[in-house]
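Trainee: just coords:
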């Protein structure tokens, strides 16, 4: 069986065709513009590909509750031309009636991909933080993706400010929440250069301190078997080691589980699927 | 069918006999001493009561993973005489072989009681914070109690300090985590009087600010249908209204769900079962 996958992002839509084993046979990257133009290219890509299912991991916020009439529609996104756009309904019209199509958040797709084929393979629970322009989190608990009333927005948790940090924070809603202090946007605003050009060790120690708090708060709230940091910022050489080290320092012996204390390099890691996590995860969404 | 319930606390063990409908027919309070003495009184209470099941909601940390050999044993508790004590195994020896006995945390028992018969009746998800000497949290998600690698310890999440607050925090592990800033112990240490005698409005506004952050972090991590604040500190007249108000202020319009924004008094509330939440919840543990 061939399965379609769409990683719907704010700057590009990556579309792919793959197998049930998570092998991607073919893929394309489409720049994100308005919904009509973008989705025309998406539909064109899948023409004649004979996919039998389609999984979509989308930027958000998006309605992921299948019982709601607006399931698969964008919600109050800052990308105004996409606001309330019925992504799922539009796509459904271009595929055979009854073909299974599943929509979830990009981060929920990523965590599911990692659970099926990546760094969290076989685990019953995992939290996946993506640290890029913003910070998002996908959460897999009790063997299922977590939705709840909406879907997690753990990038907006409050954390404690470092006593030497006087940056006010850049989240338009909360100023100094996790995203406001530690996203790529925060790095650029605080230090005046893009994260990719930021070489000051103290800057990356501070980044590690904030992301370690994200890990600690994930541990004490979700008690997951695994934590993954994905997204562009997390790729910074040395950062994941900073997060591992400072997580143990911040926990300070409180949580006595050897899966954490003796195996922090396994417990907190980069994604196993690298840049394909999003696309493979989108494919995984429609396999279960 | 008669069902036994034990709310095993650090200062007292409340034992009860009830029905499958959650009615408590009889109960007793036993002061907590060493394991042998305390449990002798517990076993004596249940003698001749003909219970067919037993649910135990215990102080912790405690092993709640049924697949582990030490299921039902206390872990690294500061109460040293109870450290590693096999609570479940000891009790099993005093009841008919094969009688179902379930052990979970006291806060997981409380949230389950509220889901079955209390303020969260019929909800698919709920977070129950208990604010007393310490701060604990019971979490019900996707229709199940959350365990994970251990069990949630959300009282130890990091939050942001109020800019006017220079109290260093009283958590022996993390200093200024949620428990370190907002537990009953923190109130007493910061203000020099017990919470019950603390009348300064600014003190309770600050308490509301920290507990509202607990609510916000619960919303962005779990996306629950309901949040409950139980425990002695939460009973303070006016505090729950402070938490409701400041939660909306801190969210600052980011989460657009009318269950939260238009119904904050329903969304965040005191327990529906009052002081019986723990005992009824313990009973509920062994009904599903």
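Mentor: Sure, I can see it. Owing to the predicted nature of the structure, the values given are computational and were not obtained by experimental measurement.

Trainee: CA atoms for contacts and neighbours, from now on please.
Mentor: Noted.

Trainee: counting by contacts, list what the longest helix along chain A packs against.
Mentor: What stands out as the longest helix in chain A, according to DSSP state H, is helix A:201-222. With contacts taken as 3 or more Cα pairs under 8 Å, 6 or more residues apart in numbering or on different chains; DSSP states H and E, helix A:201-222 sits against helix A:178-182, helix A:239-251.

Trainee: repeat that with 7 Å
Mentor: Using 3 or more Cα pairs under 7 Å, 6 or more residues apart in numbering or on different chains; DSSP states H and E, the elements in contact with helix A:201-222 are helix A:239-251.

Trainee: and the helix it packs on, which residues are buried?
Mentor: Neighbour counts over helix A:239-251 (16 or more other Cα atoms under 10 Å in any protein chain shown) mark A:239-240, A:242-248, A:250-251 as buried.

Trainee: let me see the domain layout of chain A.
Mentor: As given by automatic domain parsing, the domain ranges for chain A are A:3-108+A:276-285, A:122-270.

Trainee: give me the phi and psi for residue A:158.
Mentor: Main-chain torsions, residue A:158, degrees, to the nearest 10: phi -80, psi 140.

Trainee: any idea how far residue A:171 lies from residue A:185?
Mentor: Relative to residue A:185, residue A:171 is positioned 9 Å away (Cα to Cα, to the nearest Å).

Trainee: same question for residue A:133.
Mentor: In terms of Cα to Cα, residue A:133 sits 5 Å off from residue A:185.

Trainee: do residue A:22 as well
Mentor: Relative to residue A:185, and taking Cα to Cα, residue A:22 is found at 32 Å.

Trainee: and residue A:192, how many neighbours?
Mentor: Neighbours of residue A:192 under the rule other Cα atoms under 10 Å in any protein chain shown: 11.

Trainee: what does the one 3 residues further on give?
Mentor: Applying the criterion other Cα under 10 Å, we find 21 residues in the vicinity of residue A:195.

Trainee: same question, the one 5 residues further on
Mentor: Residues contacting residue A:200 under the criterion other Cα under 10 Å number 9.

Trainee: over to the one 4 residues further on?
Mentor: When neighbours are counted by other Cα under 10 Å, residue A:204 registers 20.

Trainee: got the residues of chain A near chain B?
Mentor: Counting by Cα under 7 Å from any Cα of the partner chain, the residues of chain A lying close to chain B are A:125, A:147-154, A:156-161, A:173-174, A:213, A:217, A:220-225, A:250, A:252, A:254.

Trainee: just the buried ones from these?
Mentor: Taking 16+ other Cα under 10 Å as the criterion, what is buried in the residues of chain A next to chain B is A:125, A:147-154, A:156-161, A:174, A:213, A:217, A:220-225, A:250.

Trainee: for the nearest residue in space to residue A:148 that is not next to it in sequence, what are its contacts?
Mentor: In space, and not counting its chain neighbours, residue A:148 is closest to residue B:223: 4.9 Å by Cα to Cα, 6 or more residues apart in numbering or on different chains. Going by Cα atoms under 7 Å, 6 or more residues apart in numbering or on different chains, residue B:223 touches A:147-152.

Trainee: show the pLDDT at residue B:223.
Mentor: The model reports residue B:223 with a pLDDT of 95.

Trainee: with residue A:79 instead?
Mentor: The per-residue pLDDT reported for residue A:79 equals 81.

Trainee: next one: residue A:238
Mentor: Confidence at residue A:238, expressed as pLDDT, is 97.

Trainee: relative to chain B, how far out is it?
Mentor: With the distance defined as Cα to the nearest Cα, to the nearest Å, residue A:238 ends up 24 Å from chain B.

Trainee: right, and residue A:130 touches residue A:230 too?
Mentor: Yes: assessed by Cα atoms under 7 Å, residue A:130 is found in contact with residue A:230 at 4.5 Å.

Trainee: and for residue A:1, the neighbour number?
Mentor: 10.

Trainee: ok, now how distant is it from chain B?
Mentor: 30 Å.

Trainee: run through the residues that contact that residue.
Mentor: Residue A:1 neighbours (Cα under 7 Å, 6+ apart): A:19-20, A:52.

Trainee: just the pLDDT for it.
Mentor: With respect to pLDDT, residue A:1 has a value of 95.

Trainee: same question, residue A:60
Mentor: 85.

Trainee: burial measure for it, as a count.
Mentor: Applying other Cα under 10 Å, we find 26 residues neighbouring residue A:60.

Trainee: ok, now residue A:186?
Mentor: Counted with other Cα under 10 Å, residue A:186 comes out at 26.

Trainee: doesn't it fall inside a helix?
Mentor: Yes: assessed by DSSP: H, G, I helix; E, B strand; the rest coil, residue A:186 belongs to a helix.

Trainee: could you check how far it is from chain B?
Mentor: Going from residue A:186 to chain B by Cα to the nearest Cα gives 17 Å.

Trainee: list the contacts of the closest residue to residue A:211 other than its chain neighbours.
Mentor: Leaving aside its chain neighbours, residue A:211 sits nearest to residue A:243 (6.2 Å; criterion: Cα to Cα, 6+ apart). Counting by Cα under 7 Å, 6+ apart, residue A:243 touches A:208-209, A:211-212.

Trainee: how about residue A:10?
Mentor: Residue A:10 makes contact with A:32, A:59, according to Cα under 7 Å, 6+ apart.

Trainee: quick check, pLDDT for it.
Mentor: pLDDT at residue A:10 comes out at 88.

Trainee: quick one, what contacts residue A:72?
Mentor: Shown in contact with residue A:72 (Cα under 7 Å, 6+ apart): A:62-64, A:86-88, A:103.

Trainee: still on that earlier bit, looking at the domains of chain A, which is nearest to residue B:204?
Mentor: Residue B:204 lies closest to domain A:122-270 among the domains of chain A, at 20.0 Å (Cα to Cα).

Trainee: quick one: that closest one to chain centroid distance?
Mentor: Averaging C-alpha positions (Cα atoms, centre = their mean, to the nearest Å) puts domain A:122-270 12 Å from its chain's average.

Trainee: okay, how far is it across that domain, tip to tip?
Mentor: In domain A:122-270, first residue to last residue: 17 Å (Cα to Cα).

Trainee: and if you look at stretch A:72-87?
Mentor: Using Cα to Cα, first and last residues of stretch A:72-87 are 6 Å apart.

Trainee: repeat for stretch A:93-109
Mentor: Taking Cα to Cα, stretch A:93-109 runs 23 Å from one end to the other.

Trainee: distance from the chain centre to that stretch, please.
Mentor: With Cα atoms, centre = their mean, you get 17 Å for stretch A:93-109.

Trainee: again, but for stretch A:97-113
Mentor: Counting by Cα atoms, centre = their mean, stretch A:97-113 comes out at 12 Å from the chain centroid.

Trainee: likewise for stretch A:103-119?
Mentor: With Cα atoms, centre = their mean as the basis, stretch A:103-119 stands 8 Å off its chain's centre.

Trainee: for the most centrally placed residue in chain A, which non-adjacent residue is closest in space?
Mentor: By Cα atoms, centre = their mean, chain A has its centre lying nearest to residue A:107, at 2.6 Å. In this structure, residue A:107 finds its nearest non-sequential neighbour in residue A:138, 4.4 Å apart by Cα to Cα, 6+ apart.

Trainee: again, but for residue A:189
Mentor: residue A:170 (7.5 Å).

Trainee: correct me, but that neighbour touches residue A:180?
Mentor: Yes: counting by Cα under 7 Å, residue A:180 is a contact partner of residue A:170 at 4.4 Å.

Trainee: more neighbours: which of those two?
Mentor: Between residue A:170 and residue A:180, residue A:180 has the larger neighbour count (other Cα under 10 Å), namely 27 against 22.

Trainee: measure that one to residue B:128 for me?
Mentor: Per Cα to Cα, residue A:180 is found 27 Å from residue B:128.

Trainee: do residue A:51 as well
Mentor: Per Cα to Cα, residue A:51 is found 45 Å from residue B:128.
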